[in-house]
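>>> give the three-dimensional model of this entry:
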Amino acid sequence: MSSDILIVEDEMLVACEMQAILEEHGYRCAGIVPDMTAARGYYDEPLDLALVDLNLRDGFTGPQIGEQLSSAGIPVIFITANPTQLGEGVAGTIGVLTKPTDEETLLQAVSFALGSRAGRAVLPPAAMRLFA
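Okay, here's the model as predicted:
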């Protein structure tokens, strides 16, 4: 069974590229959302992972979206050009990748998040900063 992954990204070219990479490797994109209003529709969905940018169409709402998804039991990885904006991180979320990121790093981060959730011993990509 493939995993359902939500992409929270307001730059459609970036979002579509991530979707293409994920689907090429057997994952299912549950949706692409550009802001908090659209993300709210996914808080109760059975998602396996969310990839969340920080600065979205409605401003710096990514951290709030990540926190809300995480509190709903959905693992969250932030993908942003501005990782320092997260400081020490967001409670309950996994970590952050810096944009632009390459296909291999994205896939390793997804594999790490899903593997960890399933209880497997997997290593994060070197480029990923984990939160405590």
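>>> tell me which helix or strand comes right after the longest helix seen in the chain.
Criterion DSSP state H: the longest helix present in the chain is helix 103-117. Later in the chain than helix 103-117, the nearest helix or strand by DSSP states H and E is strand 129-130.
>>> okay, the residue lying closest to P100 once chain neighbours are set aside: pLDDT?
Excluding the flanking residues, the one nearest P100 by C-beta to C-beta, 6 or more residues apart in numbering is A81, at 7.7 Å. Heads up, the C-betas are built off the backbone N, CA and C, glycines and all. We have a pLDDT of 96 for A81.
>>> ok, A81 - contacts?
When contacts are counted by C-beta atoms under 8 Å, 6 or more residues apart in numbering, A81 touches 98-100.
>>> those in strands, which ones?
Within those, residues falling in strands by DSSP state E are T98.
>>> name the SS class of the most centrally placed residue in the chain, please.
Central residue of the chain (C-alpha atoms, centre = their mean): L51, 1.4 Å from the mean position. Under DSSP: H, G, I helix; E, B strand; the rest coil, the three-state class of L51 is strand.
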